[in-house]
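> Here you go, sequence then predicted model.
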Amino acid sequence: MGFLKPQGLNILFRMKNTPLEYDQFYHIYNRGTNSCNLFIETTNYEHFLRLYDKYISPIADTFAWVLMKNHFHLLVKIKPEEVISELNLQGFKNLEGLKRVNKQFSNLFNAYTKAFNKKYHRTGSLFEHPFHRIEVTHTNQLRYMVYYIHHNPVHHGFVESMLLYPWSSYLTILSPKETHLKRAQVLAWFNNPENFKTFHYNPKILDDFKKLHID
């Protein structure tokens, strides 16, 4: 398995906020307004994931995710046009094309904000607008993106090992339990579970990312 050189990894973090297109991979991420916390207690993480499944699973396949206190990262692939055009979701009939996809992300953020504001007696926006997205176009990039997402809790000092962080897809990918996550395809990018784990704990990969000074 070949690795990109550090300078080559920069393509993962350029061209922010490119338009979403059908049948394409994206790194999608966002943070709280003024870096405020999005998740305060366990029920917040759980509610976000329930809403995510409701609003995003119909229009995109998910390959990796992590929820941090004040931000999140996703690796998704927008479903083909013919699949999305057949959906009969609330509010869809008045929208055309990719407006439906963007609407579902807006629905997710709005629904979570409404619940969060009610629970913690706050008002106003919770998420930065617009949410950030970067198209990912190469299999090698996809492997690094999965690593970057799963390593985020370690990078920010929340845990010493990805195994210890409950709010990411790392453990789900290594689990036999049923999931909407595209586990088999992710493992195929790494050839097998052992290579998946080896890649995630390879010091060379970590050194490459440190050179990029990524938040």
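Yes, it's here.
> what about the strands in this protein?
Under the criterion DSSP state E, strands of the chain are mapped to 25-31, 60-67, 71-78, 132-136.
> Out of those strands, which gets nearest to N117?
In terms of CB to CB, the element of the strands of the chain nearest to N117 is strand 25-31, at 16.5 Å. For the C-beta atoms, the positions are set from N, CA and C on the backbone; glycine is no exception.
> coming back round to it: need the strands of the chain in TSV (columns: mean pLDDT and distance to T179).
Output for the strands of the chain, formatted as TSV (pLDDT from 0 to 100; distance: least, CB to CB, whole Å):
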stretch	mean pLDDT	distance to T179
strand 25-31	95	19
strand 60-67	98	9
strand 71-78	97	14
strand 132-136	91	21
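> Ok, which of these comes nearest N88?
So among the strands of the chain, strand 60-67 is nearest, using CB to CB, at 17.0 Å.
> what inclination does that closest one have with respect to strand 71-78?
In terms of direction (axes from the mean of the first three to the mean of the last three CA atoms, to 10 degrees), strand 60-67 departs from strand 71-78 by 170 degrees.
> Of the strands of the chain, which is nearest A184?
strand 60-67 (10.5 Å).
> which helices and strands sit right next to the closest one?
Packing contacts for strand 60-67, counted by 3 or more CB pairs under 8 Å, 6 or more residues apart in numbering; DSSP states H and E, involve helix 42-55, strand 71-78, helix 139-155, helix 183-189.
> pLDDT score for D207?
What the model reports for D207 is a pLDDT of 70.
> make that T137, sorry
84.
> ok, now D215?
Note on D215: pLDDT of 48.
> N140 now?
Listed pLDDT for N140 reads 78.
> Can you get me a residue count around it?
Counted with other CB atoms under 10 Å, residues neighbouring N140 total 16.
> rewinding a little: export the strands of the chain to a markdown table and append columns for distance to R50 and mean neighbour count.
Listed next are the strands of the chain as a markdown table, based on distance: least, CB to CB, whole Å; neighbours: other CB atoms under 10 Å:
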| stretch | distance to R50 | mean neighbour count |
| --- | --- | --- |
| strand 25-31 | 18 | 20 |
| strand 60-67 | 12 | 22 |
| strand 71-78 | 14 | 22 |
| strand 132-136 | 22 | 19 |
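> Tell me which other helices or strands the longest helix belonging to the chain touches.
The longest helix of the chain (DSSP state H) is helix 99-120. If you count contacts as 3+ CB pairs under 8 Å, 6+ apart, helix 99-120 packs onto helix 42-55.
> Centre of the chain to the helix it packs on, how far?
Offset of helix 42-55 from its chain centre (CA atoms, centre = their mean, to the nearest Å): 13 Å.
> how close does the spatially closest residue to W167 that is not a sequence neighbour get to L181?
Take W167 and drop its neighbours on the chain: the residue closest to it by CB to CB, 6 or more residues apart in numbering is L67, 4.3 Å away. Noted for L67: a distance of 14 Å to L181, by CB to CB, to the nearest Å.
> Geometric centre of the chain: which residue is closest?
L74 (0.6 Å; CA atoms, centre = their mean).
> Return, as residue ranges, the portions of the protein with sub-threshold pLDDT.
For the chain, applying pLDDT under 70 flags the ranges 1-16, 206, 208-215.
> try 50 this time
Applying pLDDT under 50 to the chain flags the ranges 1-8, 11, 13, 212-215.
> Which one, of the strands of the chain, ends up nearest to I173?
strand 60-67 (7.8 Å).
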